[in-house]
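>>> No letters, just coordinates:
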C-alpha cells in the first residue's frame, strides 16, 4: 500500500518563544509610535526592522513539513527543499537533555527569537545542524547519511516520526 502524503505544520510556539516574539514585534510598533510624536527619523529603523521580520517569515521560518513516499519536503512561503528519504538514516524524538548530550555546546547562526530559531546551529560535537524550531521541547532529530542532521519541531512530533519511519 503506497504511503499517503502527510503534512505537518511547524509546531505552535512554546511560551518562551512566544514571549520573545511578542517583545520583538513591539519594536517596530514603538518606532512607528515614536514617529507619530515627531521623530520622523525613526521611519528608517522601523522599515528596516519590518523588512528583516518579513525576510525571517518568508525565507527562514518553514510553514510545514510534508512526508511523501520518496522525499521529505520542507516548505517555506518563498522556497522549498527536498530531502530524499533514502538519505534519512535515523529519525527520533529528542528532549532538551538528550539534545544537550547529542550536540554539546551550540550557537545559533541565522534567525532566532522571532517565531523560533531558524538556520544553522553550530555545535561542539556535531558541527553544523540545520535547525528549524518553534519550541523549546518536543524536538525531532533527523540524521542523514550524506548531509547535516536536522533539528525540527513539527506539530504532532510522534506522528511525524512514525510517518518518516514507515
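Ah, there it is. Just so it is clear, the model here is predicted, and its values are computed rather than measured. Numbers count the residues shown, from 1 in each chain.

>>> the strands in the chain, which residues?
Taking DSSP state E as the criterion, the chain contains strands spanning 6-9, 64-67, 71-75, 80-84, 88-94, 106-112, 117-123, 127-133, 139-144, 150-152.

>>> Select, out of these, the one closest to residue 159.
Among these, the nearest to residue 159 by Cβ to Cβ is strand 6-9 (7.3 Å). Every residue, glycine included, has its C-beta placed from N, CA and C.

>>> closest one to residue 40 among the strands of the chain?
Closest to residue 40 of the strands of the chain is strand 106-112 (Cβ to Cβ; 28.9 Å).

>>> Show me which residues of the closest one are buried.
Going by neighbour count (16 or more other Cβ atoms under 10 Å), the buried part of strand 106-112 is 106, 108, 111, 112.

>>> who does the third one bridge with?
Put plainly, it is residue 111. residue 118 (DSSP bridges).

>>> just use 27 as the starting number from now, easier for me
Right, with 27 as the first residue, what we last looked at is residue 137.

>>> didn't it look like it was pressed against residue 146?
No: counting by Cβ atoms under 8 Å, residue 137 stays clear of residue 146, with 10.4 Å between them.

>>> where in the chain is pLDDT low?
By pLDDT under 70, the low-scoring segments of the chain are 27-29.

>>> Using the centroid of this structure, identify the residue furthest from it.
Farthest-out residue of the chain from its mean C-alpha position, per Cα atoms, centre = their mean: residue 64, at 37.9 Å.

>>> quick one: it from residue 43, how far?
35 Å (Cβ to Cβ, to the nearest Å).

>>> ok, now residue 90?
Distance, residue 90 to residue 43, using Cβ to Cβ: 18 Å.

>>> who has more neighbours, the two?
Between residue 90 and residue 43, residue 43 has the larger neighbour count (other Cβ atoms under 10 Å), namely 21 against 14.
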